[in-house]
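[1] I'd like to go over a predicted model; first the sequence, then the structure.
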Amino acid sequence: MSQQDNDIISMSDLLVTLIKHIKLWLVIVVLGVILSIVYGVKHQDNYEFSANLLGPSYISEGTAHWVMDKSELSNLIGVYYKQYQDANANDFFINKVQFDADKLQLNIKAKKDQNEQVITLLNEFIDYAQTQEQYKTTISNWQENVEFGLKQLQQQNKVYADTVKQFQHNIETLSQTKDLATVNGQALLNNLSNTILSYQSQMFGNDIKIQHYKSQLQTLNKKILLLGGVIKSYKPIGLTSPVIVILGIILSLVLATIIVFIIEFIKNLRQEVKQKLAK
């Protein structure tokens, strides 16, 4: 017998078996389809919510700079993230939050209507991180360093200003003496003038640095910011309602067919056993 004949017989057996148990097959399929549709309708698609974190910053020379570099902030957030989850171990929603240290990003999978809950959760975590001692100490140390640098420049400029004032007084005194007409007098005058110009130049440079330091302190933002806020993925992730319905229907067809064939197999097996026992 050829392979084609075997295939024909197999298909014939399949059709005969299905027709023989068509009512049971239809009941299982219809029940499976109904359950799939009900579950698909009730299912709420999951979306991924993400928030990119920006650390404390300040403005200098018209551009934004960070108080902490990315790796330092990432390490701190990573520690606080674990602490926060441990402190709220019984909160299922909080424990769904994931932290991507490389991207400095918080992620969570949630339903579309949980958008406000996600935003509140992430903001509460950021508030928690900002109250931690190491975070506040890092910013405080940076601020103290800037203030120290500012004070040093201001003191230096005061010394320069006093020196320039004294040298200008010396020039006025020298101008009133006959020594000014001598070679030594002219050399001294030139030396004083050049020194005054040098100090004034350094004072001018220091003034620029002082303004930068003041700008840094005035524009210091100690908070962690969410770049662009909390962003929801455009498309749902995981199984969606239509996919669940389609998979449910396919599974119902397969399951109904398998059940019918199992029943038929058991029935035939029992008949064979009875026939053998009868002999």
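    Cool, the structure landed. Numbering: from 1, shown residues only.
[2] Bridge partners for residue 98, pull those for me.
    residue 107 (DSSP bridges).
[3] give the contact list for it.
    106-108 (C-beta atoms under 8 Å, 6 or more residues apart in numbering). No exception for glycine: its C-beta is placed from N, CA and C like everyone else's.
[4] pLDDT value on it, please?
    We have a pLDDT of 91 for residue 98.
[5] With residue 111 as the reference, measure out to it.
    17 Å (C-beta to C-beta, to the nearest Å).
[6] And residue 94, by the same measure?
    16 Å.
[7] more neighbours, the two?
    Ranked by neighbour count (other C-beta atoms under 10 Å), residue 94 and residue 111 place residue 94 first, with 16 against 13.
[8] low-scoring pLDDT stretches of the chain, where are they?
    Applying pLDDT under 70 to the chain flags residues 1-14, 43, 174-186, 188, 277-279.
[9] domain parsing for it?
    46-136+222-232, 144-218, 240-279 (automatic domain parsing).
[10] Check which helices and strands the helix of greatest length in the chain sits against.
    When the chain is parsed with DSSP state H, its longest helix is helix 133-175. Contacts defined by 3 or more C-beta pairs under 8 Å, 6 or more residues apart in numbering; DSSP states H and E place helix 133-175 against helix 70-87, helix 183-218.
[11] give me every residue that touches the most centrally placed residue in the chain.
    In the chain, the C-alpha nearest the mean C-alpha coordinate belongs to residue 105, at 1.2 Å (C-alpha atoms, centre = their mean). The neighbours of residue 105, taking C-beta under 8 Å, 6+ apart as the test, are 50-53, 99.
[12] Please tell me how far it sits from residue 98.
    As judged by C-beta to C-beta, residue 105 and residue 98 stand 9 Å apart.
[13] From residue 56, how far off is residue 92?
    From residue 92 over to residue 56 (counting by C-beta to C-beta), the distance is 31 Å.
[14] still on that earlier bit, for residue 30, find the nearest of the domains of the chain.
    domain 240-279 (8.2 Å; C-beta to C-beta).
[15] which parts of that closest one are buried?
    240-241, 244-245, 248-249, 252, 256-257, 260-261, 264 (16 or more other C-beta atoms under 10 Å).
[16] do stretch 85-96 as well
    85, 88, 94.
[17] First-to-last residue distance for it?
    9 Å (C-alpha to C-alpha, to the nearest Å).
[18] Now do it: everything it contacts.
    The contact list for stretch 85-96, computed with C-beta under 8 Å, 6+ apart, reads 84, 97, 108-110, 117, 121, 125.
[19] where's that stretch relative to the chain centroid, distance-wise?
    The chain centre lies 18 Å from the centre of stretch 85-96; the measure is C-alpha atoms, centre = their mean, to the nearest Å.
[20] before we move on, the earlier item: can you tell which of the helices and strands packed on helix 133-175 is closest to residue 45?
    helix 70-87 (25.3 Å).
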